[in-house]
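Student: test case, fold it:
(one chain, ligands or ions: 1)
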Amino acid sequence: MRIALYDPISVHTASYQRTRPSLALLGIAHEAQKAKAEVLVVEESRTTHRRALDAIRSFHPDVIGISTYFDPACMLLVKDVIREFNRIAKIALGGHDVSSRPKEAAALYQPNFMFLNEGEMAFAHMVAAGFNLTRVDPQLVEIREINGVPVIISKIPYPLDSYPLPTEFPPTFPEDKRYDEAAINIARGCIGGCTFCGGAKKPLSYMTPARVLEHIRAWLSLENNNIDLMAPDFTSRAPLASEIIRELNRHPEAGGLKYFFSVRLDSLDRALDLAPEEWTAFFRQNEVTIEAGYETGIARRLSREHLGKSEDAEKHLASLIRLLQTGVKVAVDLISFDPDSTFAETAQDYTVLLGLARKYTNMTIYPEALFRELKIFPGTRAAQIFGTKDYRSRPFKDRKLRLLLDTLIGHRDFFGISPHRSLTSSLERIVAIIYFLQKRGDRATVNMIDSFIAHLEENPGQVSSHLPQ
Ligand code: SF4
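Tutor: Numbers count the residues shown, from 1 in each chain. The predicted structure is shown next:
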């Protein structure tokens, strides 16, 4: 049996525009190989869509497995692949979009099979059964039907230690396995429950520390020392995450590297409490960047009914400051704009962030997060709270907030993060326009705003004189 596995995430649809291996599919491909299939993983991120389609076509697959994602651009790519091949191959879908809203995904994509939640073991079992539903073992998988599409759910968890080393990756297209980042699928699942996210459907599991080290050694043998310890929330189990850090500290070859991982601030706090010396040593020995899901410092917005991040805004801010004080590079993730926020709340957030950026030069914000509007992903609680039936954002309640967002987006080059300007400078410009809108009240017109920005563009040195004292 020949199986092509297609990953629609490209550097254009991913948040960070860096190439990483298709972690969602390489484990599945590896298990399918063990079940005697011939496989090819097609990575949109490292090629053009046309070449990806050509690669699938010339592989002559019997089955095309596709990882879905809730990004609209990914949905279009997935639909295009299905349209191109559904008459000559069986289409099997898994991933975020399918797992978080199976009924709608069945109607939208009309595949032959869908896999819910973790795909590795269920997919391998279907390969062994020749994708014949009468031959599946009910001890290993559960079969349901949703909108006429058979849905396969694994009864066996996938041990992350089985994840292939980069030196064992199944064949990929393009063949050349140079990635910007050496991503290691170090943990799955999360304790989050953030209302804006649909990505927490997998059971919580971790790779063992010894296996993490094996992955790092394998990546180093491929001359990649840019290590992404990839997990929705690396410290969701503080003891296990701390064990991994301890193991890396014990082995000199895992030191002196660049590390990146994402955390919730509350879970990182627990990990720092648990093994402070280990974390300090790790931060000292390596060049570490941590993406911290801060989102906002406003208590009402952080609450369960809103972003679902935290019930304690003071502690949330204190956790961010504690992380900044470690000296590692902290990439703050923000969601400053949503339909229910107010201008005053967003103004407060940016003022606090400006204070932090002035004090902690290790703080950064990803360019696209600096003035991010909440994205409504299908299948999330945020879609019910903030969205319309077709997953668009409801109109903003506060018109002045909309005006602020449109102003920032309309003058992205002036307000946005640039390699030639510090974060403080961008935040000062944002706070200056906020203060200008505050002072003008409802009298602010687009012309007035544009001429104020033109004045600042001509006299950037005067920005600080337009900040609240
Ligand atoms: S945003 Fe991160 S921490 Fe929150 S639910 Fe999603 S994966 Fe979990």
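Student: what count of nearby residues applies to the single nearest residue of the stretch 251-400 of the chain relative to the ligand?
Tutor: Closest to the ligand within the stretch 251-400 of the chain is Arg264: 4.8 Å, counting by CB to the nearest ligand atom. The C-beta positions use only the backbone N, C-alpha and C, and glycine is treated the same way. For Arg264, the count of nearby residues is 24 (other CB atoms under 10 Å).
Student: name the nearest residue to it, ignoring sequence neighbours.
Tutor: Asp233 (4.8 Å; CB to CB, 6 or more residues apart in numbering).
Student: who touches the one you found in this structure?
Tutor: Contacts for Asp233 (CB atoms under 8 Å, 6 or more residues apart in numbering) come out as 187, 190-192, 262-264, 267, 293.
Student: secondary structure and distance to Thr342 added to these, as JSON lines?
Tutor: Formatted as JSON lines, these follow (DSSP: H, G, I helix; E, B strand; the rest coil; distance: CB to CB, whole Å):
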{"residue": "Ala187", "secondary structure": "strand", "distance to Thr342": "36"}
{"residue": "Cys190", "secondary structure": "coil", "distance to Thr342": "29"}
{"residue": "Ile191", "secondary structure": "coil", "distance to Thr342": "29"}
{"residue": "Gly192", "secondary structure": "coil", "distance to Thr342": "25"}
{"residue": "Ser262", "secondary structure": "strand", "distance to Thr342": "28"}
{"residue": "Val263", "secondary structure": "strand", "distance to Thr342": "28"}
{"residue": "Arg264", "secondary structure": "strand", "distance to Thr342": "25"}
{"residue": "Ser267", "secondary structure": "helix", "distance to Thr342": "29"}
{"residue": "Gly293", "secondary structure": "strand", "distance to Thr342": "22"}
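Student: so among those residues, which ones count as buried?
Tutor: Of the members of the contacts of Asp233, the ones counted as buried by neighbours, 16 or more other CB atoms under 10 Å, are 187, 190, 192, 262-264, 267, 293.
Student: need the phi and psi values for Glu295.
Tutor: Note on Glu295: its backbone torsions stand at phi 70, psi -60 [degrees, to the nearest 10].
Student: identify the bridge partners of it.
Tutor: Under DSSP bridges, the beta-bridge partners of Glu295 are Leu334.
Student: which residues of the protein lie near the ligand?
Tutor: Residues of the chain lying near the ligand by CB under 6 Å from any ligand atom: 190, 192-194, 197, 199-200, 232-233, 264, 293.
Student: output those residues as TSV; include the columns pLDDT.
Tutor: Listed next are the residues of the chain next to the ligand as TSV, based on pLDDT from 0 to 100:
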residue	pLDDT
Cys190	82
Gly192	78
Gly193	81
Cys194	89
Cys197	86
Gly199	65
Ala200	60
Pro232	91
Asp233	93
Arg264	94
Gly293	95
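Student: now those in JSON lines, with distance to Val41?
Tutor: What follows is the residues of the chain next to the ligand, written out as JSON lines (distance: CB to CB, whole Å):
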{"residue": "Cys190", "distance to Val41": "25"}
{"residue": "Gly192", "distance to Val41": "28"}
{"residue": "Gly193", "distance to Val41": "31"}
{"residue": "Cys194", "distance to Val41": "29"}
{"residue": "Cys197", "distance to Val41": "25"}
{"residue": "Gly199", "distance to Val41": "21"}
{"residue": "Ala200", "distance to Val41": "24"}
{"residue": "Pro232", "distance to Val41": "22"}
{"residue": "Asp233", "distance to Val41": "26"}
{"residue": "Arg264", "distance to Val41": "30"}
{"residue": "Gly293", "distance to Val41": "29"}
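Student: now, which of these sits nearest Leu108?
Tutor: Closest approach to Leu108 among those (CB to CB): Gly199, at 18.7 Å.
Student: list the contacts of the closest residue to Tyr179 other than its chain neighbours.
Tutor: Distance criterion CB to CB, 6+ apart; nearest residue to Tyr179, sequence neighbours excluded, is Thr19 at 4.8 Å. Neighbouring residues of Thr19 by CB under 8 Å, 6+ apart: 11, 43, 45-46, 178-181.
Student: quick one: buried ones out of those residues?
Tutor: 43, 45-46, 179-181.
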